[in-house]
Structure formats: structure tokens, C-alpha cells
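*Asks:* Build the 3D model from these lines:
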Amino acid sequence: MLNRSLTLKLLPLVIVLAEALPMNSPAYGQIIRPISPQPESFQERMRQQQEERTQQTQEQLKETWLRQNLQQQQQQQQDFTRQRQELIRQQQFRLQQQETRLQQQQFTRQQQLRIQDQQLRQDQQIRQQQQFRLQEQIRQQELRQQKENL
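*Replies:* Model prediction:
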């Protein structure tokens, strides 16, 4: 863009110089050559276009690879997160089961302790009753003996 602008500004000067200098002068050739655009060959333009296409294709491939790689990483991260959540869920379930078992065991122990305590009280009552009967029998026996002795 800058070259085109500069060329347009210098063109009137070149025209004036070109008219002032004779055509066979070495200065004429130096002025005209640099300003006139060098015509590119068809093959050179095709080569440049092919290089540009190749570069664009490589950039597209690189972009596609990066996008796929990112998607794959995201998928792996999601899979890892899902597996981790599943493991946590399983561990929580096991802990809940274990806690339930412990509660059941504790309840069972408490029941057993209550039953043992109840049996102990019953046994104690039975002993007391037996002792009371025995004492009563002894007292009755003593009373009979006293009556007989009288």
C-alpha cells in the first residue's frame, strides 16, 4: 500500500525526468527500471498461490488437531470426573451400610443387655421369694416345735 502511494507521488517526477533525459542515457534506465513493476511469471504466481494454500491447509489442520486434542482432553477430564464421582458414591454407600450394620449391632447389644438385666431381676425376685418361703417354713417349724414343747 505504501509502495503504491509512493509510486503515485513519484510518477509525475519520473515523467518529467524521463522527458528531460535522452532514452539512451544510463540515468534514464535507472529511473524507469525501479519504478516499473517487475512482471511476475505465471509459474511464480502459481507457486505462491500453492504455497499460500499449503500454508492455509497446514494451519487448518493444526487448528483441527488442536480442537480435537482439546475435545479429547475435555472428554478424558469428564470421564475421570464421572469415575471419581462414582467411586465417591460407592464409598458413601459402603459407609452408610457399615453405619447401618453398626447401629443394628448396637441395638442388638442393648436388647441383649436389657434381657440380661430383666433375667437378673427375675432371678433375684425368685431367690428372694424362695428365701422368704424358707424363712417362713423355718418360722412355722419353730412355732410347731414350741407348741409341741409346751
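*Asks:* Next one: Gln146, what pLDDT does it get?
*Replies:* Note for Gln146: predicted pLDDT of 87.
*Asks:* Can you point out the helix or strand that includes it?
*Replies:* helix 42-149 (DSSP states H and E).
*Asks:* what's the burial count for Arg121?
*Replies:* Around Arg121 there are 10 other residues, counting by other C-beta atoms under 10 Å. For every residue, glycine as well, the C-beta is placed using N, CA and C.
*Asks:* what's the distance between it and Ile115?
*Replies:* Distance of Arg121 to Ile115, given as C-beta to C-beta, to the nearest Å: 11 Å.
*Asks:* Likewise for Gln48?
*Replies:* 99 Å.
*Asks:* same check, this time on Gln76
*Replies:* As for Gln76, its distance to Ile115 is 58 Å (criterion: C-beta to C-beta).
*Asks:* One more: Gln43?
*Replies:* 106 Å.
*Asks:* next one: Gln146
*Replies:* Counting by C-beta to C-beta - Gln146 and Ile115 are separated by 46 Å.
*Asks:* do the same with Gln135
*Replies:* From Gln135 over to Ile115 the distance is 30 Å, taken as C-beta to C-beta.
*Asks:* Good, wrapping up.
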